[in-house]
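**Q** Predicted model and sequence below, questions to follow.
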Amino acid sequence: MIKPDAVQSNSIGGILEMMNTAGFRVIAMKYTKLTAELAGEFYAVHSARPFYGELVEYMSSGPIVAAILEKENAVADFRALIGATDPAEAAEGTIRSRFAESKAKNAVHGSDSDENAAVEGEFFFSKFERF
Ligand code: ADP
Ligand code: MG
C-alpha cells in the first residue's frame, strides 16, 4: 500500500518506479480511501498498541494506493526495498528513506508474511481484479 502521506506528497510515481525497477510485477492495483472502520480492520493486529488510534486516523485521512505485487521471495525482498519502519533508521536507497516523513507517516505498507499477504490481498481485491 502507498499510504496517505506519500499520495499527498505526489510520490506515487516515484514509489511505483522503484517497485518496478526492483522486479515487482503488478497483479492488482487500485486508488481508494479507507474509512476509519476499514483502517481499523486492516490494522486489527495492532489494536492493543499505543499508536493504534493515531494509525487508524492517519490511514483513513486521505486516499491510498493498494496493490498486489508478485516476485520470487516477494515478502522479504519488498520489506528490504521499503526499509525500516522508522525512516530515520531506513537504509539509504530504500523507499522509506526516500519518501517517508516519520515513523507513523512512513509512505508504504508491506505484508510481513505470505499468509498476511493473502489476507491483505483479499481485503482489497476480488478475483476479477487480479491479472
Ligand atoms: P511495518 O509497517 O514496518 O511493518 P509495524 O507493523 O510495526 O511496521 O507497524 C505498522 C504501522 O504502524 C507502521 O508502518 C507505522 O505507520 C505505524 N507505527 C508503528 N510504530 C509506530 C509508533 N511507535 N508510533 C506511531 N506509529 C507507528
Ligand atoms: Mg507490519
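**A** Right, received. Where do you want to start? Numbering: from 1, shown residues only. Ligands and ions are numbered 1, 2, ... in the order given.
**Q** how about the residues of this structure that lie near ligand 1?
**A** If contact is defined as CB under 6 Å from any ligand atom, the residues of the chain in contact with ligand 1 are His46, Phe51, Glu54, Leu55, Thr85, Lys103, Ala104, Asn106, His109, Asp112. Every residue, glycine included, has its C-beta placed from N, CA and C.
**Q** Buried ones among those?
**A** When these are checked for burial by 16 or more other CB atoms under 10 Å, the buried set is Leu55, Ala104, Asn106, His109.
**Q** And those residues, which is closest to ligand 1?
**A** Using CB to the nearest ligand atom, Ala104 comes nearest to ligand 1 of those, at 3.6 Å.
**Q** picking up where we left off before, pick the one among the residues of the chain next to ligand 1 closest to Asn73.
**A** Distances from the residues of the chain next to ligand 1 to Asn73 were compared by CB to CB; the smallest belongs to Asp112, at 13.8 Å.
**Q** my guess is that closest one contacts Val75, does it?
**A** Yes. Contact criterion CB atoms under 8 Å: Asp112 and Val75 qualify, at 6.9 Å.
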